[in-house]
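Trainee: predicted model follows, preceded by the sequence.
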Amino acid sequence: MDRLLEISILIGSIFSCSRCHPSETSTAKGFSFQDNKYPATVKYNNPQTGCTATYLLDLEVKNCMVVQINFPNGGHLDNDHIKATRLGKKGYAKVSGEENKTYLVRTNLQKKRALIGLT
């Protein structure tokens, strides 16, 4: 009976985590995005001005959602400027900003894992 309970808890924790993203323990190429800051490539687009740019920035993630984009100078875009957006299974998201601005974000965890041979 205790073994059945352990298995039920293990399965429940795997499925609850994989609702956001696959757990690192469940797939070799999966990622688990816990509440934390993550390095990311951010492609910015402002359709009103035609301005586009790509930056290496930090994302703040809470409950598998991008909630803030941080700039190196201490500035940031938070819920006053962007809509919280769920990260996809591979660390991608299209974040909508004010005035139709968009931020295509990709966590750089894949690159780090590739460098140390984990992919």
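Mentor: Here it is on my side, so go on. Keep in mind it's a predicted model, so treat the numbers as computed, not measured.

Trainee: what ranges does this structure have for its helices?
Mentor: Assigned by DSSP state H, the chain shows helices spanning 2-18, 109-115.

Trainee: with respect to the ones you listed, which exhibits the lowest mean confidence?
Mentor: Mean pLDDT is lowest for helix 2-18 out of the helices of the chain, coming in at a mean of 42.

Trainee: shaky segments in the protein?
Mentor: For the chain, applying pLDDT under 70 flags the ranges 1-32, 110-119.

Trainee: pull out the buried residues from stretch 33-51.
Mentor: Phe33, Tyr38, Ala40, Thr41, Val42, Tyr44, Asn45 (16 or more other CB atoms under 10 Å). No exception for glycine: its C-beta is placed from N, CA and C like everyone else's.

Trainee: for stretch 73-87, that is, sorry about that
Mentor: Of the residues in stretch 73-87, those buried (16+ other CB under 10 Å) are Leu77, Ile82, Ala84, Thr85, Leu87.

Trainee: what's the closest of the residues you listed to Cys64?
Mentor: The nearest member of these to Cys64, counting by CB to CB, is Leu87 at 5.7 Å.

Trainee: quick check: the residue lying closest to the closest one once chain neighbours are set aside vs Thr49, distance?
Mentor: Distances taken as CB to CB, 6 or more residues apart in numbering place Ala93 nearest to Leu87, at 5.0 Å, with adjacent residues excluded. Remark: distance between Ala93 and Thr49 (CB to CB, to the nearest Å) = 23 Å.
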